[in-house]
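Asker: Mind folding the following:
(chains A and B)
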Amino acid sequence: MIKELQSKLKKSVHQGIECEEKRKHIVLEGVVDSYDEIIRAGYLAARDEYKGVVNRLKVDGLEDKSIRIPTLSDHQFKDDPCDVLVIGGGIIGCAIIRWLSKYNLDILLVDKESDIAMHQSSRNDGMVHPGFAPKPGSNKAVYNVKGNQMFEKMAGDLEVPFKRVGTYMLFEHYYYALIKELFFRRAEHNNMGTIEFLFKDEILKREPFVTDKVKCGIYMPTTAVCPPYEMTVALAENAVLNGARVSLETYVYKMQKDKDKIMKVYTNRGEIIPKVVINCAGLSADFIAELADDRFFTIHPRKGQIAILDKNKADRLDCVLSIIDLKTMKSRTKGGGLVKTVEGNIVVGPSAYEQPYKEDYSTTKEDMDELLEKNLSYIKGLSRSDVITYTAGNRAATYKEDFIIEKSDYVSNLIHIAGIQSPGYASSPAIAEKACEYALEILKEKMKITDNERYDPHRKSIPRLDKFPKDMRSDMIMKNRDYGHIICRCEHISKGEIIDAIHSPIPAVTLDAIKRRTRGGMGRCQGGFCTPLIMEIIKEETDLKMEEISKKGKQSHILYQSTRVKAGRNDD
Amino acid sequence: MMIEYDVCVIGAGPAGLSAALQLKDCSVCMIEREEKPGGILKQCIHDGFGLIKFNAEMTGPEYSQRYIDELMTTDIKVYMKTFVSNINYICEKNIQIELINPEQGMFQIKVKSIIFATGCRERTAKQVFIHGERPAGILTAGSAQYFVNVSGYLPCRKCVILGSGDIGLIMARRLTLEGAEVLGVYEIKDSSSGLQRNIAQCLEDFNIPLHLSETVIKTHGDDRLTGVTVAKVDSEFNVIKGTEKYLECDGLILSVGLIPENELTKEMGIQIDSHTKGPIVDQNMMTSLKGVFACGNQVHVNDLVDYVSKSGEIAAKACMEYIKGNDYEKEDIRIKFDDSEFLYIVPQVINRQNENMNVTFFFRSSRKLRDAYVKIEINDKEIVNKSYIALNPPELQVIDIALGTLSQHDNIKFKINQR
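Answerer: As a prediction, the model looks like this:
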């Protein structure tokens, strides 16, 4: 079989590819001519019955950009023991520690960034997928549908805004009516409940701004929206209040094993001795697997750009629109759609294309132009001038294109939760439940597990003044005057809300961290007016100096030294 | 229990201050979200303010202080740190405004008339579609100005300025004086969008190059900006391949346009002019909603604060007349012009039922012209013909005329002819 694959790869991709069977997976090595060839080879190898593809192919001259590593180095950990070490503070890691915190366990989550939710979890459109897209029987299909069902309760317990808005999958040709049974069958296979086929008239009754090019569509009622960064923060905060620990700017670079067991985990902040390790390191999950000598997959980052429109176009849409034709249905590089968020912004995208750098979040004109041109035309009255900002994220895709949710085959105290990309957000509660189950199975052999009597599934969110009933707002302000001082004029965020975020269970001391928790600076002026004011508040509430306050940690400070005028004044 | 006033002025910047101080024999309140009155002038420590109005050259804070001092002698109620959360126009002379502040919490006031003076905001990097990475160090000129002049910190040490708007030019000089290196001002258009006097005093005097038909196409850097890529563009603003150049810098300062702040007026259903992005106003600065006035940079972005103050005065005078009178008549005639000749004309309409027919028109030509005539015609009959040595979009022009009585179907048209 391996010989066949080898010749196939040499013939249809590049002569320089060597493949080798290792344990249950395939390893590709050699030098090819382009990044596209690396990707093609990876997918070709993934068609075979191997467990995964480790793709070590290289391209001469392709710059090797490394991932962001913290500059901090200290001895916070000195061979600290813990029951479960969770590597990665995205939606998955944070959901896992929240689920684990139901039990009397010493739980530690580490993340290399200055805050949680710095990668995929804050770089997506916040859609809780209905479960239509994944291949029936795949992990994606199973966890997506289950996670979608669990999501509403989780959001309710954690006071994160959640709205079931439904998806309209739109078609530009009437002939899709002929194949509607195919869609119904897919929905049935994936257990996602009833979906409807609708002609244009009916769609227009519900979404009056859809344009004429739409002829018919499928409605899937279970799609929901929920802000992903807020959810990730809420899960982590709830876990912390239930006794879990979170250590940021903590980068795992080495693991010491004894036979099939991880004994010690090395970080820039000292050494940790865990009973169980859960690898949910997102884009770096393959690196963490490698440290444990159990790498059987490669994460290749698939970039998506999204644009965010001004809230003053909120009335144009009240759901998710997914735009699909037969060509894109099968392709991995789908073309996104439009999502109306809970907050009232319409999000356009994401796009999808392969590129070599895991943490390169740069946007490009070509992709953004295409994205806007394609998607804005489905709703009347939307234009490029409605865009207030745009950003990019990278999906942590494996060549098998399915979630990896399993106990390691070769390391007795390691659990892999990897390759989690779309619909990972929707799946997160179901994945967390499963990961928790696996962790308990391993731990049961080593210790007695009891329930955490302190566990409270509820978490109080930061009170949002403009979400309070009007007659209660004055009381709220009288109790704390800072809630009456509006700092972010676009999103109506008060000083009180910003102070709450600074002193929250996972303190927010960077501008981006405050933005993720309060939306301060997220509006149409993009922090033009409030950035200096928020910095003043951070300075008042922490021991940071103005020059030390940053956008997102590390070297991302906003200011340099005092001006000459001010320095002179201070000298006097 | 709702506190009542005759007039509420929203915004205590130069437009709002001048409007409020003109209002006589009526009860007036002002709403300001910041801690002190003065608006953006607090950070404009350069000179050039007040040449027309006071025949003196003042800094921004000096200019606004004249008004603030006078404000202190009046019994105008000023609500500071106060945010307008909603406005309910119930009927003529009955408008309820919902306010939030730390002292009173959430409360309402009832007024007969509103004068909007909420100023403008800056266009951001994303609104001009700059791509690349998203590090710290990319900021608008106004933010940079706040950091330098109010906070007292340098936001960069070596920077590129994108856009030749006036604040960008002024910050080029200011940052240079503070010891930062300004590599150059890049303007995508083939002519500057700032005032000629600022080009001379802020760039030429400091040997800061102005690169026309050149723009920033990409930003670089993970944490802090490490550089930008600039490139030349053709007349359609498409990048000319092969002209890309990488510039190492830690700051990118944007001066790419100002947008009148009109979220509140839009929510009230007031008509907005697509040219100015501000409300459509008549010769009295009254918007499409009776008794609701707007002035200053909220209506259109002015070059000089003196004009901003003047529009506040016009609004205030008309407002006094409005609240005293009964059955206010409004019948607007739209001013016509060709987009190829003018960027905009303010006022956009003339209320022919109003006694005041002395109109101050503000306009910008849509392109650079030499030896031109601006004509105003009513029903094809020329009533004004003014000659200009030069017309330039960045330079706002003013024409005062007495229009006389107009009838319902009169056709008022602005034209530009070149000699």
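
Asker: per-residue confidence at B:Gln418?
Answerer: Here the pLDDT value assigned to B:Gln418 is 86.

Asker: who's it bridged to?
Answerer: Going by DSSP bridges, B:Gln418 is paired in beta bridges with B:Ala372.

Asker: does it really touch B:Lys368, like I thought?
Answerer: No. If you go by Cβ atoms under 8 Å, B:Gln418 and B:Lys368 don't touch, sitting 11.2 Å apart. All C-beta spots, glycine's among them, are computed from the backbone N, C-alpha and C.

Asker: ok, those two, which is more surrounded?
Answerer: For B:Gln418 and B:Lys368, the more surrounded residue by other Cβ atoms under 10 Å in any protein chain shown is B:Lys368, and the numbers stand at 14 against 9.

Asker: need the contact list for the more buried one.
Answerer: B:Ser191, B:Ala390, B:Leu391, B:Asn392, B:Pro393 (Cβ atoms under 8 Å, 6 or more residues apart in numbering or on different chains).

Asker: domains of chain B?
Answerer: Chain B breaks down into these domains under automatic domain parsing: B:1-121+B:258-328, B:124-256, B:329-419.

Asker: In CSV: the ones you listed, plus distance to A:Ile262.
Answerer: Converted to CSV, the domains of chain B look like this (distance: least, Cβ to Cβ, whole Å):
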stretch, distance to A:Ile262
domain B:1-121+B:258-328, 53
domain B:124-256, 30
domain B:329-419, 66
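
Asker: Now A:His173: closest residue in space that isn't a chain neighbour?
Answerer: Spatially, and ignoring its direct neighbours in sequence, A:His173 is nearest to A:Lys215 (5.8 Å; Cβ to Cβ, 6 or more residues apart in numbering or on different chains).

Asker: burial count for that neighbour?
Answerer: A:Lys215 has 16 nearby residues by other Cβ under 10 Å.

Asker: Quick check: the gap between it and chain B.
Answerer: Using Cβ to the nearest Cβ, to the nearest Å, A:Lys215 is found at 32 Å from chain B.

Asker: Verify the stated contact: that residue with A:Phe171.
Answerer: Yes. Between A:Lys215 and A:Phe171 a contact is recorded at 6.0 Å, counting by Cβ under 8 Å.

Asker: follow-up on the earlier one: between the contacts of B:Lys368, which sits nearest chain A?
Answerer: Chain A lies nearest to B:Pro393 out of the contacts of B:Lys368, by Cβ to the nearest Cβ, at 19.3 Å.

Asker: for the stretch 351-500 of chain A, what spans make up the helices?
Answerer: Secondary structure of the stretch 351-500 of chain A (DSSP state H, counting those that start in this stretch): helices located at A:365-376, A:424-444, A:470-479, A:495-502.

Asker: And those: which comes nearest chain B?
Answerer: helix A:470-479 (3.2 Å).

Asker: Can you name the residue of the stretch 151-300 of chain A nearest chain B?
Answerer: Proximity of the stretch 151-300 of chain A to chain B (Cβ to the nearest Cβ) peaks at A:Glu249, 13.0 Å away.

Asker: what's around that residue, how many residues?
Answerer: Neighbour tally, A:Glu249, other Cβ under 10 Å: 22.

Asker: hmm, back to that, what subset of the contacts of B:Lys368 is buried?
Answerer: When neighbours are counted using 16 or more other Cβ atoms under 10 Å in any protein chain shown, the contacts of B:Lys368 contain these buried positions: B:Leu391, B:Asn392, B:Pro393.

Asker: Could I get the contacting residues of the nearest residue to A:Pro356 once chain neighbours are set aside?
Answerer: Spatially, and ignoring its direct neighbours in sequence, A:Pro356 is nearest to A:Tyr35 (5.2 Å; Cβ to Cβ, 6+ apart). Contact analysis of A:Tyr35 by Cβ under 8 Å, 6+ apart lists A:Val59, A:Leu62, A:Glu354, A:Gln355, A:Pro356.

Asker: could those be laid out in JSON lines, adding neighbour count and pLDDT?
Answerer: Formatted as JSON lines, the contacts of A:Tyr35 follow (neighbours: other Cβ atoms under 10 Å in any protein chain shown; pLDDT from 0 to 100):
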{"residue": "A:Val59", "neighbour count": "15", "pLDDT": "95"}
{"residue": "A:Leu62", "neighbour count": "13", "pLDDT": "88"}
{"residue": "A:Glu354", "neighbour count": "19", "pLDDT": "95"}
{"residue": "A:Gln355", "neighbour count": "16", "pLDDT": "96"}
{"residue": "A:Pro356", "neighbour count": "16", "pLDDT": "96"}
